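S.K.: mind folding the following:
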Amino acid sequence: MKIEQTVSAAVAGLELGNTFALDDLLHTVQDRRHRRLRVVELADLDTHDGLCALWLSTDAEDVVLHARSDSALHRQQFVLHELAHMILGHGEGDGCAVGEVLLPNIPPYTRGRLLRRQDLDSETEIAAESLADRLAAGIRGSVFAESRYSEIFG
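M.R.: Okay, the predicted model is just below:
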């Protein structure tokens with residue numbers, strides 16, 4: 001399957017190993033993209049509106065805005081999904097002519113991503129979610145290793 005191969009190559013390309021901390025992943029993405037990376041929770045963003053997170057990209061930085069959730073794992077998945085789009089290079093160089101008229105003060109790349117978000121069954125979204133799941137597994141593995149989870153619970 002093409003998505004599985006793409007995701008496996010992306011994980012290997014990060015060179016983080018099988019387990020890693022979220023901070024390690026954030027630093028790696030920031031370093032590879034040669035720009036600042038900020039993750040910001042927006043209290044007014046509501047998952048009931050169908051938007052859990054959003055990646056905004058400018059010339060100087062990437063910003064991941066995410067909805068509030070009582071579950072730390074849920075919030076992490078929101079962020080990992082957006083990081084996966086960055087890692088996979090989704091939307092690089094996209095333009096959106098209609099967006100230029102409707103949203104003239106928002107960079108073209110960001111306009112294109114905003115206007116495409118409703119297509120959750122696309123190959124791009126499936127790949128991003130698959131990579132986010134793999135990243136979450138690596139982070140979980142790191143937490144279990146630090147806590148000696150395996151030694152205690154077998």
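
S.K.: tell me who's in contact with residue 65.
M.R.: 40, 41, 42, 45, 53, 54, 55, 56 (CB atoms under 8 Å, 6 or more residues apart in numbering). Every residue, glycine included, has its C-beta placed from N, CA and C.

S.K.: should've said residue 88
M.R.: 6, 10, 124, 127, 128, 131.

S.K.: do you know how far residue 27 is from residue 72?
M.R.: For residue 27, the distance to residue 72 equals 20 Å [CB to CB, to the nearest Å].

S.K.: okay, those two: which has more neighbours?
M.R.: Per other CB atoms under 10 Å, whichever of residue 27 and residue 72 has more neighbours is residue 27, with 13 against 8.

S.K.: who are the neighbours in contact with the more buried one?
M.R.: Residue 27 neighbours (CB under 8 Å, 6+ apart): none.

S.K.: looks to me like it is in a helix.
M.R.: Yes. With DSSP: H, G, I helix; E, B strand; the rest coil as the criterion, residue 27 is part of a helix.

S.K.: so for the helix or strand residue 9 falls within, mean pLDDT?
M.R.: Taking DSSP states H and E as the definition, one finds residue 9 inside helix 2-14. Averaged across helix 2-14, pLDDT comes to 95.

S.K.: mind checking what secondary structure residue 20 has?
M.R.: coil.

S.K.: how close does it get to residue 44?
M.R.: Counting by CB to CB, the gap from residue 20 to residue 44 is 32 Å.

S.K.: mind jotting down where the strands sit in this structure?
M.R.: In the chain, the strands defined using DSSP state E lie at 36-42, 53-57, 61-67.

S.K.: can I assume residue 52 is in contact with residue 66?
M.R.: Yes. Residue 52 is in contact with residue 66 according to CB atoms under 8 Å; the separation is 6.6 Å.
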